[in-house]
Every structure is written in structure tokens, then in C-alpha cells.
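Chemist: Got a sequence here, can you model it:
(one chain, ligands or ions: 2)
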Amino acid sequence: MSAIDYSQKIPNNVNLNSDRVLQRALEQWQPNFLSWWGDMGPEGSHQHDVYLRTATSAEPSGWAHFDYVKMPDYRWGIFLSPQVQDRKIHFGEHMGEDVWQEVPGEHRANLRRIIVTQGDTEPASVEQQRHLGLTAPSLYDLRNLFQINVEEGRHLWAMVYLLHRYFGRDGREEADALLQRRSGQEDNPRILGAFNEQTPDWLAFFMFTYFTDRDGKFQLCALAESSFDPLARTTKFMLTEEAHHMFVGESGVSRVIARTCELMKKHNVEAPDQVRALGAIDLQTIQRYLNFHYSVTLDLFGADQSSNAATFYNTGLKGRYEETKRGDDHLLKDRGYKILNVVDGKLVEKEVPMLNALNEVLRDDFIKDSEAGVGRWNKVIEKAGLPFRLTVPHKAFNRQIGTLSGVRIAPDGRPVSQEEWNAKASEWMPTAADRAYVASLMGRVVEPGQYANWISAPLSGINKQPLDIPYVRFN
Ligand SMILES: [Fe+2]
Ligand SMILES: [Fe+2]
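Modeler: Ligands and ions are numbered 1, 2, ... in the order given. Take a look at the predicted model:
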């Protein structure tokens with residue numbers, strides 16, 4: 001059942017041809033998806049042969065197949081992780097009952113909203129990244145960008161399948177709307193803020209895939225616990241694809257840092273303008289990019305207190321990160337959780353019912369995970385013998401959503417006046433001049449095994465291939 005049938009128009013492992021009506025509806029959506037890809041997918045890329053991986057099975061072992069593919073010919077399809085026999089609901093008020101194979105009427109609206117919100121992020125990131133192919137620092141990086149893009153396209157398929165299969169006409173309408181919204185467009189934007197920001201250069205792309213794809217990981221992990229079994233199974237498989245996206249982000253930033261440190265040591269310079277004179281990205285600018293992408297991503301977890309979050313948990317729609325590994329009662333009725341509150345312009349901890357603070361719980365799990373990678377980036381700087389250290393800003397820094405949106409907080413957690421904020425913002429967040437400088441470095445490198453001056457080579461190739469194969473062939 002988990003082997004993927006590639007003989008069909010829409011590859012799948014859900015026996016799509018046993019449901020003709022559904023199959024026809026999805027086959028009608030398919031050309032609209034392809035036309036969206038043609039318009040909003042990676043710019044000028046449609047004739048390239050790209051060394052891509054394609055899923056061959058949804059089993060944990062050996063699901064990937066690598067070959068040269070033109071992206072419009074990529075076999076996007078519907079892949080769910082294998083069904084777990086007798087799976088039971090393991091949190092919330094339905095705990096112990098069988099999981100749902102169909103959508104319970106009373107949870108229909110909430111589930112649809114969760115699926116649409118997740119689904120909307122997938123095409124959004126493709127749109128945000130569509131110009132980056134023109135300035136890739138190497139063929140290796142270009143190939144990784146395209147791999148991420150086609151997989152985000154497949155994640156859209158994953159959510160659209162659920163909408164078509166389980167939500168009738170409303171679901172089909174939502175699936176159409178997912179192809180109509182556009183990242184950053186004023187009259188019909190994507191649903192979530194971070195997905196309307198631009199990803200204008202490769203440092204932004206690496207930060208996005210490190211931080212914002214990691215938000216994706218935590219949301220998908222919470223949905224993989226869902227009592228609605230098809231949602232749990234589809235997000236589980238999406239997570240296997242997501243891991244590569246975060247790898248691209250972490251290793252990408254790490255390579256930028258490595259190159260900067262290498263040039264700083266070689267020329268014995270430290271000041272940002274001296275580093276820039278060498279054509280590298282100074283560590284201070286990297287810190288400002290980090291501050292921006294981190295804080296914008298924190299907002300994606302939603303308000304720190306949320307009755308919706310409590311409802312989603314109680315009713316079994318969305319669990320916590322690693323729900324099954326937690327040793328508590330999985331009901332959380334009498335438990336509290338500390339969130340930050342603003343009193344007289346100061347941050348004060350406040351205990352609230354945990355059920356209402358589940359967005360914050362997930363955000364804190366994300367923070368721990370994010371910090372680990374920043375520590376690994378610092379190891380690169382430390383190894384070079386340089387004193388600079390990157391830091392994750394305080395979680396109240398630059399927030400636009402929830403209680404913390406009402407205060408100005410410095411990266412070190414200190415409340416500051418609006419005046420101080422205005423005076424220091426250019427030290428804390430990328431300025432137009434920073435972005436222009438980084439943009440000035442971006443230029444396409446197309447010789448196999450060559451890299452732009454501002455980034456070092458990766459440690460190893462894709463699928464154990466050498467570094468100097470043509471990962472993308474231009475036609
Ligand atoms: Fe995704
Ligand atoms: Fe992703």
C-alpha cells in the first residue's frame with residue numbers, strides 16, 4: 001500500500017483510481033497547479049535538467065531516487081506514510097478512542113482552517129524564492145534550491161489531497177484559492193506574515209530555510225500527532241522531505257561564516273568594512289539577518305495565549321511536539337505555563353493555563369532547536385580563532401503578534417524606548433544598505449565545482465556524488 005504508483009497521471013499511494021470522482025477532480029486541479037508553477041515557480045528554469053530526488057516509497061527506508069529531471073516534469077503526487085493499525089487518539093478529551101479516518105462534523109471547520117493555513121505556506125515559499133535561481137553561488141546550491149521548490153510544491157499537493165478528499169465542495173474551493181493568493185501581493189496576499197516577506201538574496205534564503213522551514217517542522221510535528229489520521233500520515237511523510245530544507249539552511253549559513261572567517265584570518269582584518277572590501281559578508285550583517293528571520297519566524301507560532309490552541313488540543317486536532325514522548329497526562333487541564341507579560345513597559349513572567357499557552361509551548365520548543373544550530377555556527381567562528389559570537393535575540397525582540405507586539409525590546413531582552421529603538425534599529429536589523437551590499441555579491445556561478453567568493457564549498461556532494469558534477473544542466 002505504501003509503494004507509489006507512478007503509472008498514473010497523479011502518482012500516489014492512496015489507491016486514487018478506486019475513487020473516480022476524486023481522481024477526476026484532482027486531475028482538473030493538476031493543470032492549474034502546473035500553470036501556477038509556470039507563472040510563479042523558479043524563474044527561467046523550465047528547460048533545465050536538475051539532479052533531483054523523487055520519492056519512490058513512503059517507507060522510512062530508501063524512498064529516494066535521484067535523476068536528471070526538468071522541473072515541470074517532476075512527478076508531484078500524493079504520498080502518505082503507511083497507516084498504523086489500531087492507532088488510538090493519545091491526547092485531549094477523546095484520548096483512547098480510535099483515530100478518525102473521516103472528518104467528524106463538529107471539527108470540520110477547524111480542521112479545514114488548519115490544513116488551509118499549512119497548505120498556504122507551501123506555494124508561498126516557492127513564490128518568495130522564485131528569483132534566487134538567477135544568482136545561485138554554485139550549481140550545487142542551485143540544485144538544492146530547486147529540490148526545495150519542487151518539494152514545497154509537493155507539500156501543496158499533500159494538503160490539496162486532504163481538501164479534495166475530505167472536505168467536499170468547500171475543500172475544492174480552498175484548493176483553488178491556494179493557487180490564487182500570491183506572496184506579498186497587496187489585494188490577495190498569503191495568509192501568514194513571514195510568507196509575504198521577500199527572500200531577496202541567498203543569505204536570506206539560508207536564514208529562511210534554517211528558521212522558517214524549522215517552524216514548518218514544528219507545525220508538521222504537531223499535526224503528525226493529529227487524531228485525524230490522514231492528516232497525521234501525510235504530515236509524517238512531509239517531515240522526511242523537510243529535513244533536507246533545514247540542512248540547506250544550516251549548512252548554507254555555516255559555509256558563509258566559514259568563508260568570512262577564512263578571509264578575515266588570511267588578511268588579518270576584523271572591521272566590517274574591511275571584510276566587505278574582501279567581498280565577504282561581515283559577521284555583524286549575518287547577525288542582523290539572523291535577528292530578522294528569527295523574530296519574524298517566532299510570530300508564525302501565533303499569539304502567546306490562544307483559546308483556539310486550547311480547542312485544537314482538547315479536541316485532538318493538533319498535539320504538541322513529540323506528544324507521545326511526554327510523560328504527563330496528555331490532558332493538561334490543571335497545568336500552568338509561564339509566558340511573558342508586559343507590565344508598565346517591562347517584561348514580567350506570568351503563569352497561565354497551559355492549554356491556552358500551547359502556541360508558546362511550541363514556540364519554546366522551536367527556540368531550543370534553533371539555538372542548537374546557532375551554537376554549531378559559533379563553533380566555526382571559534383575554530384577560526386575569532387572572538388565574535390552570534391546570538392539568538394530575546395524572544396520578545398521585534399515581535400508583531402501577541403502580547404509582546406506592544407513593547408520595544410532590544411536583542412538582549414532590555415525594554416527600550418521608541419527613541420532608542422529608532423536610533424539602534426540599524427544595528428539590530430538588516431538595513432537597506434546591508435541588503436544592497438549582499439545583493440551586490442549575488443551573481444550566478446555556473447562552472448561545476450566552483451563557488452562564489454562569499455561562500456565556501458560544501459563538505460560533500462548530493463547523494464554521495466562528487467562536488468564537481470553539473471548538478472544542473474542548462475539547455
Ligand atoms: Fe513545506
Ligand atoms: Fe520546507
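Chemist: need the helices for the chain, in chain order.
Modeler: In the chain, the helices defined using DSSP state H lie at 20-40, 108-128, 139-166, 168-178, 202-207, 213-223, 229-267, 272-277, 283-299, 307-314, 358-383, 418-428, 432-441.
Chemist: give the contact list for the residue lying closest to L52 once chain neighbours are set aside.
Modeler: Spatial nearest neighbour of L52, excluding adjacent residues (Cβ to Cβ, 6 or more residues apart in numbering): V69 at 4.8 Å. For the C-beta atoms, the positions are set from N, CA and C on the backbone; glycine is no exception. When contacts are counted by Cβ atoms under 8 Å, 6 or more residues apart in numbering, V69 touches D49, V50, L52, T54.
Chemist: Okay, and the beta partners of V69?
Modeler: As for beta bridges, V69 partners with V50 under DSSP bridges.
Chemist: Hmm, R320 and E360 touching each other?
Modeler: No - E360 is beyond contact range of R320, at 11.3 Å (criterion: Cβ atoms under 8 Å).
Chemist: residue closest to the middle of the chain?
Modeler: The chain has D213 as the residue nearest its centroid, 1.7 Å off, counting by Cα atoms, centre = their mean.
Chemist: residues contacting the residue in the stretch 351-475 of the chain positioned nearest to ligand 1?
Modeler: Using Cβ to the ion, F366 is the residue of the stretch 351-475 of the chain that sits closest to ligand 1, at 15.4 Å. F366 is in contact with R214, D215, F218, T297, L298, F301, counting by Cβ under 8 Å, 6+ apart.
Chemist: Which single residue of the stretch 151-300 of the chain ends up nearest ligand 1?
Modeler: Taking Cβ to the ion, the stretch 151-300 of the chain has H155 as its residue nearest ligand 1, at 3.7 Å.
Chemist: Could you give the number of residues near that residue?
Modeler: 26 (other Cβ atoms under 10 Å).
Chemist: re earlier: looking at E360 and R320, which has the bigger crowd around it?
Modeler: E360 (25 against 22).
Chemist: still on that earlier bit, and the residue nearest to L52, how close does it get to Y313?
Modeler: As judged by Cβ to Cβ, to the nearest Å, V69 and Y313 stand 41 Å apart.
Chemist: Ok, K333 next?
Modeler: 11 Å.
Chemist: same thing with E241?
Modeler: To Y313, E241 is 26 Å away according to Cβ to Cβ.
Chemist: Between the two, tell me which one has more neighbours.
Modeler: The neighbour count for E241 versus Y313, taken as other Cβ under 10 Å, is higher for Y313 (26 against 22).
Chemist: For the chain, what lies in contact range of ligand 2?
Modeler: Neighbours of ligand 2 within the chain, by Cβ under 5 Å from the ion: D213, G216, E242, H245.
Chemist: Any of those residues buried? List them.
Modeler: Among these, those buried by neighbour count (16 or more other Cβ atoms under 10 Å) are D213, G216, E242, H245.
Chemist: Which two among these are spaced furthest apart?
Modeler: Greatest spatial distance among these (Cβ to Cβ): G216 and H245, at 7.6 Å.
Chemist: ok, the closest residue to the residue nearest to the centre of the chain other than its chain neighbours - contacts?
Modeler: Of all residues not flanking D213 in the chain, H245 sits nearest, at 4.2 Å (Cβ to Cβ, 6+ apart). Applying Cβ under 8 Å, 6+ apart, we find H245 in contact with I148, E151, T209, D213, G216.
Chemist: dump the residue contacts of the last one.
Modeler: Listed by Cβ under 8 Å, 6+ apart, the contact set of G216 reads T121, E242, H245.
Chemist: Lowest-confidence entry in those residues?
Modeler: Least confident of the contacts of G216 in the model: E242, at 92.
Chemist: quick one, what contacts the closest residue in space to D434 that isn't next to it in sequence?
Modeler: Distances taken as Cβ to Cβ, 6+ apart put T285 closest to D434, at 5.0 Å, once the chain neighbours are dropped. Contact analysis of T285 by Cβ under 8 Å, 6+ apart lists L203, P272, P430, D434, Y437, V438.
Chemist: Please tell me which one of the residues you listed counts the most neighbours.
Modeler: L203 (27 neighbours).
Chemist: Quick check: the gap between it and E186.
Modeler: L203 sits 26 Å away from E186, going by Cβ to Cβ.
Chemist: circling back: so can I have CSV of the buried ones among the residues of the chain next to ligand 2 showing distance to V21?
Modeler: CSV is the format used below for those (distance: Cβ to Cβ, whole Å):
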residue, distance to V21
D213, 35
G216, 31
E242, 31
H245, 34
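Chemist: Closest to S18 out of the residues you listed?
Modeler: S18 lies nearest to E242 out of these, by Cβ to Cβ, at 29.2 Å.
Chemist: Could you count how many residues lie near the nearest residue to the closest one once chain neighbours are set aside?
Modeler: Spatially, and ignoring its direct neighbours in sequence, E242 is nearest to K217 (5.3 Å; Cβ to Cβ, 6+ apart). K217 has 18 neighbours, counted by other Cβ under 10 Å.
Chemist: Roughly how far does L347 sit from F292?
Modeler: 21 Å.
Chemist: What of V69?
Modeler: 34 Å.
Chemist: With E59 instead?
Modeler: 39 Å.
Chemist: of those two, who's got more company?
Modeler: Each of E59 and F292 has its neighbours counted (other Cβ under 10 Å); F292 has more, 21 against 12.
Chemist: what's the pLDDT at the closest residue to that one other than its chain neighbours?
Modeler: Spatially, and ignoring its direct neighbours in sequence, F292 is nearest to M429 (5.2 Å; Cβ to Cβ, 6+ apart). Residue-level confidence at M429 comes out at 98, pLDDT.
Chemist: quick one: M429 and Q287 touch, right?
Modeler: No - if you go by Cβ under 8 Å, M429 and Q287 don't touch, sitting 10.0 Å apart.
Chemist: Now do the same contact list for the nearest residue to N110 once chain neighbours are set aside.
Modeler: Nearest residue to N110, sequence neighbours excluded (Cβ to Cβ, 6+ apart): L317, at 5.8 Å. By Cβ under 8 Å, 6+ apart, the contact set of L317 is H107, N110, L111, I114, S226, S227, F228, T311.
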